[in-house]
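Chemist: Pasting the sequence and the predicted model now:
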Amino acid sequence: MTETSGTAVLESPGDELGRGRPALDLLIWDAPNIDMTLSTVIGARPTAASRPRFDAIAAWFVDGAGDPGAPDAPEVEACVFANIPPVVGSLQRWVEALRGFGFAVFARPKSQPDDDIDQAMLDHIEVRAHSHRLRRLVVFSGDGRNFAEPLEELARSGTQVVVVAFSEVAGYAISSDLLEFIDIEDVPGAFAAPLDRVRLDALPPDGAWLRPTRSLRDFVSSWTARRNP
């Protein structure tokens, strides 16, 4: 990994160095970011019915790796990175379910509000870029601040880099000439039912009404309270 303008940049081995290494398709899931952005796009706290289905996502990712019996078939690896709060609650069942679906889980305690796991994700990508010939990298995250430059650097080196997130919050990937972008709701079966959102990149020809996510009176009440403590 090198540093460019203070940002970590991942290096992928060139063809000569990577030729003897096994090919790998790698999926990285940024759990804090996806959970936060899901809340943003639906305007509510996600429920079990509105959360992504990891079984369908696993099937989509593996299908994209091609025929496992082909001579050049890549290995596949999927990793979820999560911050674990002091009160675990139902997260234990969630983590065990992920492991049962074939996902590795990197779990780190969240002791401070600003604790994050972005560097752990970048470190793991770097490890795999050197231990394998990283053929395809699929990153589920709308965090362009930390991921845009490293992912574009990998794309320049020959890795197919796909960002999967919500179009409302993934401008860094949508506008990039090097990264492929897929809206997470376009992954087949990713959600049990359509999310309560209207995508600006897929508006109906006649337009659409976007309902408020908060009562006008509630907003004005809180706004007034902030101005007059």
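Modeler: Happy to help now that I have it. This is a predicted model, so every value here is computed, not measured.
Chemist: burial measure for the closest residue to residue 72 other than its chain neighbours, as a count.
Modeler: Leaving out its chain neighbours, the residue that sits closest to residue 72 by Cβ to Cβ, 6 or more residues apart in numbering is residue 23, at 6.7 Å. In short, each C-beta sits where N, CA and C put it, glycine included. For residue 23, the neighbour count with other Cβ atoms under 10 Å is 16.
Chemist: Equivalent analysis for the one 5 residues further on, please.
Modeler: Burial measure for residue 28: 23 neighbouring residues, criterion other Cβ under 10 Å.
Chemist: next one: residue 42
Modeler: 16.
Chemist: was I right about it contacting residue 196?
Modeler: Yes: counting by Cβ atoms under 8 Å, residue 196 is a contact partner of residue 42 at 5.3 Å.
Chemist: Look up the residues that both of the two are in contact with.
Modeler: By Cβ atoms under 8 Å, 6 or more residues apart in numbering, residue 42 and residue 196 have these common neighbours: residue 50.
Chemist: returning to what we had before: just checking, the residue nearest to residue 72 touches residue 76?
Modeler: No: taking contacts as Cβ under 8 Å, residue 23 lies outside contact range of residue 76: 10.0 Å.
Chemist: Between these two, which contacts overlap?
Modeler: With Cβ under 8 Å, 6+ apart, residue 23 and residue 76 have no common neighbours.
Chemist: Quick check on residue 180: phi, psi?
Modeler: The phi/psi pair for residue 180 (degrees, to the nearest 10) reads phi -90, psi 140.
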